[in-house]
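Asker: After the sequence you'll find the predicted model.
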Amino acid sequence: MPDYIEGKRPVIEALRTGVPMRRILMADNIKRDPLVNDVQRKAKRFGVEVQLVARKMLDDISERGSHQGVIAEAKPFEYRGIYDLIDLANAYAEEHDGRALVILLDHLTDAGNLGAITRSAEAVGASGIVIPNKRSARVDAATYKSSAGAISHMPVAQVANLVQAMSRLKDAGFWIAGATEHTDDSIWKANLKGKIALVMGNEHDGLSRVVMEHCDFLVKLPLEGEVASLNVAQASTACMYEWLRQNQA
């Protein structure tokens with residue numbers, strides 16, 4: 001099923017942040033204004049076809065009823081397989097003293113958080129991200145925006161079973177580190193050198209019990225303040241940079 005982006009400003013933002021698009025549908029009776037001109041200008045710059053269609057067609061497509069005469073049809077994101085990520089990680093490890101990082105997200109639900117995590121993962125040199133194919137955020141326009149375009153450079157694998165993906169990574173020589181507040185072990189004292197698969201939980205419940213049971217070890221970030229926890233994107237960034245710090249020391 002195609003992903004649609006509705007409205008003048010959302011379409012402009014999607015073009016600006018590099019969301020791959022098949023086409024832009026524009027009502028044939030739309031009134032010209034600076035936003036419409038900007039849509040057409042950016043579409044031409046990025047080689048996206050603009051098709052004039054009957055407004056009723058846009059009404060039929062629209063889910064929110066706020067398309068303003070403009071709807072973009074985004075291309076589906078090209079997900080990778082878990083073995084593709086393992087091959088990429090092994091190749092990275094060969095060139096970087098045996099270190100590699102893969103991020104697994106245990107049913108993260110917010111596409112914006114997925115994008116923010118992707119941005120940090122790309123910054124530290126992670127080889128890929130693994131997400132479940134059901135009950136989980138997927139790559140959409142919000143991901144492109146919050147990742148500041150990093151999602152275009154980060155392989156993402158969708159898997160049917162996260163625990164099985166963890167098993168595949170273990171077989172490939174990865175140690176599985178689960179980030180959770182339900183442990184006494186600080187990440188500062190954990191050994192994150194080498195090939196690490198870091199598992200982060202969802203925004204509300206953290207790591208699921210079954211995923212936690214299949215981790216090789218659990219870690220948490222020390223908290224000195226009054227706030228009970230960090231946002232998952234912030235926590236992921238801190239954990240990823242601790243992996244990088246240990247492997248660059």
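Answerer: Yep, it's here.
Asker: all contacts plus neighbour counts: C-alpha atoms, from now on.
Answerer: Fine.
Asker: What is the lengthiest helix in the chain packed up against?
Answerer: In the chain, assigned by DSSP state H, the helix with the most residues is helix 232-248. Applying 3 or more Cα pairs under 8 Å, 6 or more residues apart in numbering; DSSP states H and E, we find helix 232-248 packed against helix 111-124.
Asker: what mean pLDDT does the helix it packs on have?
Answerer: Regarding helix 111-124, the rounded mean pLDDT is 94.
Asker: Can you list the strands that the helix or strand just after that helix pairs with?
Answerer: Tracing the chain C-terminally past helix 111-124 and defining elements by DSSP states H and E, one meets strand 128-132 next. Strand pairing for strand 128-132, using DSSP bridges, gives strand 100-105 (parallel), strand 156-159 (parallel).
Asker: which residue lies farthest from the center of the protein?
Answerer: Largest separation from the mean C-alpha position in the chain: residue 29, at 37.0 Å (Cα atoms, centre = their mean).
Asker: and the longest helix of the chain with strand 100-105, angle?
Answerer: Between the axes of helix 232-248 and strand 100-105, defined by axes from the mean of the first three to the mean of the last three Cα atoms, to 10 degrees, the angle is 160 degrees.
Asker: Confirm that residue 22 sits in a helix.
Answerer: No - assessed with DSSP: H, G, I helix; E, B strand; the rest coil, residue 22 is strand; it does not lie in a helix.
Asker: What residues sit buried inside the longest helix of the chain?
Answerer: 232, 233, 235, 236, 237, 238, 239, 240, 242, 243, 244, 247 (16 or more other Cα atoms under 10 Å).
Asker: if I pick the third one, what's in contact with it?
Answerer: Listed by Cα atoms under 8 Å, 6 or more residues apart in numbering, the contact set of residue 235 reads residue 221.
Asker: Same question for the last one.
Answerer: Applying Cα under 8 Å, 6+ apart to residue 247 gives the contacts 99, 192, 193, 194.
Asker: what's the burial count for the closest residue to the last one other than its chain neighbours?
Answerer: When the adjacent residues along the chain are set aside, residue 194 lies closest to residue 99, with 4.0 Å between them (Cα to Cα, 6 or more residues apart in numbering). Using other Cα atoms under 10 Å, residue 99 is surrounded by 23 other residues.
Asker: returning to that earlier point: just send the strands paired with strand 128-132 back as TSV, with mean pLDDT too.
Answerer: Output for the strands paired with strand 128-132, formatted as TSV (pLDDT from 0 to 100):
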stretch	mean pLDDT
strand 100-105	97
strand 156-159	96
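Asker: and those strands, which is most packed in?
Answerer: Mean neighbours per residue, mean count of other Cα atoms under 10 Å, is largest over the strands paired with strand 128-132 for strand 100-105, with a mean of 26.
Asker: Send me that one as PDB with only the CA atoms.
Answerer: The C-alpha atoms that make up strand 100-105 are tabulated as PDB, following Å, rounded to 0.1, in the frame of the first residue of the first chain:
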ATOM      1  CA  ALA A 100      30.900  -3.300  14.700                       C
ATOM      2  CA  LEU A 101      27.500  -2.200  16.000                       C
ATOM      3  CA  VAL A 102      24.000  -3.300  15.100                       C
ATOM      4  CA  ILE A 103      20.900  -1.700  16.800                       C
ATOM      5  CA  LEU A 104      17.800  -3.700  17.500                       C
ATOM      6  CA  LEU A 105      14.600  -2.000  18.500                       C
END
